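*Asks:* Turn this into a model:
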Amino acid sequence: MRKGTLALVGLAFLLSSAACTRKTTVAQRPPDVTPVAPPSSTPAPPRSSGTPASPSQPVVENRRPATMTPQERKTLNDALARLEDALFDYDKSTIRPDARTALHDDFGVIRDILANYPNQKLVIEGHCDERGSEEYNLALGDRRARAAQEFFVSMGIPESQLNLISYGKDHPVCTDKSEDCWQKNRRAHVTATP
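*Replies:* Next up is the predicted model:
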């Protein structure tokens, strides 16, 4: 008896809910008609290495090997040697006008290096003079390297090809105790990963 009552209540509920629903019609949008060009009967020619393809030999694209030859490494190092360091004021990491000019001049060389060697990564080193603690100078060197990186990225160099390192005061180019010497050590320097 109880099952029959529950079945009747359930059936009544279904009928009442079905009777209360209204069917609404939605106007259908006409389908967008976009002309599609029929596929070409001749496939586009594959990129070639300059030699004709034979049925037994697949076409292979010219790709630069991941490792450099000794001659390519020498060419890269010669190009990097032409780069000018960006110099910074004492206790600063902002790029001053002469550093901006140096980085702008370096941009063309860096762009060409990365175009010719797409697998190569460059390293931007941040350096400081001997004054200040080791920890402070490591942080300041990092900020200087980041400032140079941000400049290059804003010019279009891919950030993924630029690594940063701070040497703080550990790698001076000059060891005299003078402002001229200290100025040479407060720098961002670009080199290549080995």
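
*Asks:* Which is the succeeding secondary structure element to the host helix or strand of residue 124?
*Replies:* Assessed by DSSP states H and E, residue 124 sits inside strand 122-127. As assigned by DSSP H and E, the chain's next helix or strand after strand 122-127 is helix 134-154.

*Asks:* I'd like the distance between residue 172 and residue 153.
*Replies:* 28 Å (C-beta to C-beta, to the nearest Å). To be clear about C-beta, it is placed using only N, CA and C from the backbone, and glycine gets the same treatment.

*Asks:* re earlier: quick check: mean pLDDT across the strand holding residue 124?
*Replies:* Across strand 122-127, pLDDT averages out at 97.

*Asks:* Same question for stretch 149-164.
*Replies:* Mean predicted confidence for stretch 149-164 is 95.

*Asks:* Now that stretch: buried residues?
*Replies:* 149, 151-152, 157, 161-164 (16 or more other C-beta atoms under 10 Å).

*Asks:* Other residues contacting stretch 83-102?
*Replies:* 103, 105-106, 109-110, 129, 131-132, 140, 143-144, 146-148, 151, 182-184, 186-190 (C-beta atoms under 8 Å, 6 or more residues apart in numbering).

*Asks:* From the residues you listed, list the buried ones, please.
*Replies:* 103, 106, 109-110, 129, 132, 140, 143-144, 146-148, 151, 182, 184, 186-190.

*Asks:* For stretch 168-179, give the distance from the opening residue to the closing one.
*Replies:* Chord length of stretch 168-179, first to last residue, is 17 Å (C-alpha to C-alpha, to the nearest Å).

*Asks:* Check which residues of that stretch are buried.
*Replies:* 168-169, 172.

*Asks:* Test my guess that residue 103 contacts residue 154.
*Replies:* No: using C-beta atoms under 8 Å, residue 103 is not in contact with residue 154; the gap is 10.1 Å.
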